[in-house]
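> need coordinates for the below:
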Amino acid sequence: MAGRVLDARTRRPVVGAEVRASGLRALSAEDGRFRLGEVEPDGMVVVSAPRYRTKRLRPSESLLVQLEQLEAVVEVTSGLTGEVLSARVEGPFLVEQTNGGAIRIFGAGPGDAVRVGAFAHETQEVSIDRDGRAKAVLQPVRVDPASVFSLLRGFIIGDVPPELAGVQAQLEARIRADPREFAGANPATAVRLLGQGTNGAVVMAVAVEPSFMGRPQVLANFAQSLATGTRSAAEQRLLDGQIVYTGDSQGGFEWLAFNRYSVFLAIFGTDDLFVEGVAKAIMAQLR
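Numbers count the residues shown, from 1 in each chain. Got it, this is the predicted structure:
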């Protein structure tokens, strides 16, 4: 008897699958193919492989075996807000998001340990229970703004201006000294850079300690600091289901501000629709 073992989902060969029948044993090769000796026609062929469900089937001269991967569902929530996180999984797993926000991991089953993480949160190892499920509550961590900017390159023209990085450092120092509000988040540097003809949008990111996030009206305070010195107040609205603040800055430029956990971002530009588009792209990157 000969045959081939494939992944039922990807249709790729399964290497090293064990095929047993009538006291004989073989392993599938790189192309998923295997060969056994003469097998009893009324016997049973048992095919197994790590991270796959064992399959039993009747023998045939040319046997096509499609193995299904083990599946685990992990719900990952934020210890800061309690909301479900869009998590990542370390290791060679195929992962997809479920409708309920949890993640489905293919190739992991009961008893397996997987490491999960999320933006602005720690990484944690969880064990899959016998029902193929696990829960992880990730605690927030402080994020280096430079890591945020590395994600933004590619859809924003140009790198972050060094002048703006200096403003961020000063602002973070003030927040650590007096965490009651965002004192001095003046967008004057961003406005000056735009006035000099900077292409696209200018983005300012401020990272704070996670403990700062428990204070009331923290996003509103950040937005209000951006509106300081202008005639218009910051306005709150929803963008893709997330609370954002918008307003005008000195020099007639538009700005939009929001936060992802302990990171606060302000996007400055000459066109409100462009600024909104940049904000949506950043939100998608930071989920």
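
> and the host helix or strand of Arg56, what's buried?
Here Arg56, judged by DSSP states H and E, is contained in strand 55-57. Neighbour-count burial for strand 55-57 flags Lys55 (criterion: 16 or more other C-beta atoms under 10 Å). Every C-beta, even on glycine, is put in place using the N, C-alpha and C of the backbone.

> likewise for stretch 244-251?
Under the neighbour-count criterion of 16+ other C-beta under 10 Å, stretch 244-251 has 244-250 buried.

> returning to what we had before: tell me which other helices or strands the strand holding Arg56 touches.
strand 45-48, strand 62-67 (3 or more C-beta pairs under 8 Å, 6 or more residues apart in numbering; DSSP states H and E).

> contacting residues for the nearest residue to Met44 once chain neighbours are set aside?
Nearest residue to Met44, sequence neighbours excluded (C-beta to C-beta, 6 or more residues apart in numbering): Arg56, at 5.5 Å. Applying C-beta atoms under 8 Å, 6 or more residues apart in numbering to Arg56 gives the contacts 44-47.

> same check on Lys55?
So Lys55 contacts 46-48, 65-68 (C-beta under 8 Å, 6+ apart).

> let's have those residues in CSV, adding neighbour count and pLDDT.
Formatted as CSV, those follow (neighbours: other C-beta atoms under 10 Å; pLDDT from 0 to 100):
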residue, neighbour count, pLDDT
Val46, 14, 96
Val47, 24, 96
Ser48, 15, 96
Val65, 20, 95
Gln66, 16, 96
Leu67, 22, 95
Glu68, 13, 94
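
> nearest to Gly111, of those residues?
Ranked by distance to Gly111 (C-beta to C-beta), the contacts of Lys55 are led by Ser48 at 15.6 Å.

> hang on, isn't the closest one packed against Gly16?
No: Ser48 is beyond contact range of Gly16, at 10.3 Å (criterion: C-beta atoms under 8 Å).

> so where's this structure shaky on pLDDT?
Within the chain, the segments meeting pLDDT under 70 span 145-193, 195-200, 214, 228-231, 250-251, 287.

> all helices of it, in order?
145-152, 162-177, 188-195, 218-227, 272-285 (DSSP state H).

> so what pairs up with Ile267 in the strands?
Val203, Leu256 (DSSP bridges).

> hang on, isn't it packed against Ala201?
Yes: Ile267 is in contact with Ala201 according to C-beta under 8 Å; the separation is 5.2 Å.

> identify the contacts common to the two.
275, 278.

> can you put the helices and strands packed on strand 55-57 in a markdown table and add distance to Val143?
Compiled in a markdown table, the helices and strands packed on strand 55-57 are given as follows (distance: least, C-beta to C-beta, whole Å):
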| stretch | distance to Val143 |
| --- | --- |
| strand 45-48 | 43 |
| strand 62-67 | 40 |
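
> for those strands, which one sits closest to Ala220?
For the helices and strands packed on strand 55-57, proximity to Ala220 was assessed by C-beta to C-beta; strand 62-67 is nearest, at 53.6 Å.
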